[in-house]
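> Sequence first, then the predicted structure:
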Amino acid sequence: MDGSCNHYSISLSSVWLTCFCFCFIFVSAELHRFEHPVKADGSLSFFVIGDWGRKGAYNQSQVALQMGKVGEKLSIDFVVSTGDNFYEKGLASPYDPVFKDSFTKIYTANSLKKQWYSVLGNHDYRGDVQAQLSPILRRIDSRWLCLRSFIVKTEIVEFFFIDTTPFVDQYFQNPKHQKFDWRGVIPRKKYLRRVLKDLRSALRESVANWKIVIGHHPIRSIGHHGETKELIMQLLPILEANNVDMYINGHDHCLEHLSSITSQLQFFTSGGGSKAWKGDFHYLDGDEMKFYYDGQGFMSVELTATDAKIVFHDVFGKVLHSLDLSKQPYTAM
C-alpha cells in the first residue's frame, strides 16, 4: 500500500444534456441549476472526497477501493469532489491523460459509476481551468461535471457549489511564484461580487429543508492551511444569515468536523483523497472541535427530509467519526 495512513486521533448546450442523467434548469447567465432525483423512499446518500488526483498514488487507489465497498452498501446517489482534482497543476488540456489516469481508471467500482459534482481547487487553477470545465471531458467520462459555481437541487436538500480559490488574496500577491489560470475571473472584484450575490439570492430563495454549501477552501479548520480569513469575512456571514446547515470543503489533507458555537452551521473537511499530512495541525481550545484525523479517507452522508447521518471513513473503510443531525420539516411562512 502506497503512502502513510498513520493518524492523530482527537445556457449549457444540448450536447451537455445528452451526457447527463439528471435535469438541467437554466436560471441566469451566471448561475446554473441541476436537479438530482432522490431514492424511492425519499432519501439521498452521497460521498465527499477531496484532494485526490495523483494517478492512484498516496493511497488514492486504496481509498477508491473502500469507497466502492461502502458505496455499494449505502447505494450512493452521487459523489461530491471538493477540489484539487488533479495534481500538481490541474489538467494541461481536455485530452490530458491525467484525467483518465487519476479519475476514470481509479474510481472503477460499480457503486461509483454515478454523477460526480466537482468544484475547482487551487491546484486545478494552476493548470488549464477551461479543460476541467470542458464538455469534452464529459464525452470521455459521462460522470464528470465541474463548474465554477452551481446548484444541485433535490426534493430534500439544495447543494450550493462555490468557487473559493479567487477569494484567497495570497494567490494574487506573488504571480511569479505560482502561475494561475485566471481566465473568467479577472476583474477579480467584479467576479467575487457576482459569486456572493448569486449565492445570497439563491439561499434566500431556497425552500429546501437542508442547505449545504461546498467549496474547496475551509472556513474553519485546524489543519495545515487553517481557516481562510477571506471566507470568514465574506462568505460566513451569508451562510449564517441564511440558516445553512453544513459547509463542506477540502484543501486541508485531513478529515475533520467543527461545530459552530454561534449558529447551526457544521464545518466538515474531506480532503483525504490521497496524500495526507501526518501530524500537521493546530490545537483549538473550546467546544468547536469535534473530530480530527490526519490520514486518508472520505466522508459519507445519508439524508432524509428530517435526518442526516455524516460518517468519516479511513483508508481501510473503518468508521472514525459519525454525527447525527435532525430538524423539523421546512414550512413556508
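Received, thanks.
> Measure how buried the nearest residue to residue 153 once chain neighbours are set aside is and give me the count.
Counting by Cβ to Cβ, 6 or more residues apart in numbering, residue 35 is the residue found nearest to residue 153 once chain neighbours are left out, at 5.2 Å. No exception for glycine: its C-beta is placed from N, CA and C like everyone else's. Look at residue 35: counted by other Cβ atoms under 10 Å, it has 13 neighbours.
> I figured residue 35 was touching residue 150, is that so?
No - when contacts are counted by Cβ atoms under 8 Å, residue 35 is not listed as touching residue 150 (11.8 Å).
> Per-residue confidence at the residue nearest to the spatial centre of the chain, what does it come out as?
The chain has residue 82 as the residue nearest its centroid, 2.6 Å off, counting by Cα atoms, centre = their mean. If you check residue 82, the pLDDT there is 98.
> Likewise for the one 5 residues further on?
At residue 87, the model reports a pLDDT of 98.
> so what's it up against?
Taking Cβ atoms under 8 Å, 6 or more residues apart in numbering as the criterion, residue 87 is in contact with 53, 54, 102, 123, 274, 275.
> Buried ones among those?
53, 54, 102, 123, 274, 275 (16 or more other Cβ atoms under 10 Å).
> is it true that residue 117 lies in a strand?
Yes - Residue 117 sits within a strand when classified using DSSP: H, G, I helix; E, B strand; the rest coil.
> sorry, back to before: with pLDDT and distance to residue 139 as new columns, can the buried ones among the contacts of residue 87 be given to me in TSV?
As requested, these are exported to TSV (pLDDT from 0 to 100; distance: Cβ to Cβ, whole Å):
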residue	pLDDT	distance to residue 139
53	98	19
54	98	24
102	98	18
123	97	24
274	98	26
275	95	30
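> for the closest residue to residue 288 other than its chain neighbours, helix, strand, or coil?
Leaving aside its sequence neighbours, residue 288 sits nearest to residue 258 (Cβ to Cβ, 6+ apart; 4.7 Å). When classified by three-state DSSP, residue 258 comes out as strand.
> so residue 258 bridges to which residues?
Beta bridges link residue 258 to residue 267, residue 289 when assigned by DSSP bridges.
> what's it in contact with, if anything?
By Cβ under 8 Å, 6+ apart, residue 258 lies in contact with 220, 221, 222, 266, 267, 284, 288, 289, 290.
> Then residue 319?
By Cβ under 8 Å, 6+ apart, the residues touching residue 319 are 311, 312, 313.
> wait, which of these is closest to residue 181?
residue 312 (32.2 Å; Cβ to Cβ).
> can you tell me the helix or strand for that closest one?
Element membership of residue 312 [criterion: DSSP states H and E] is strand 307-314.
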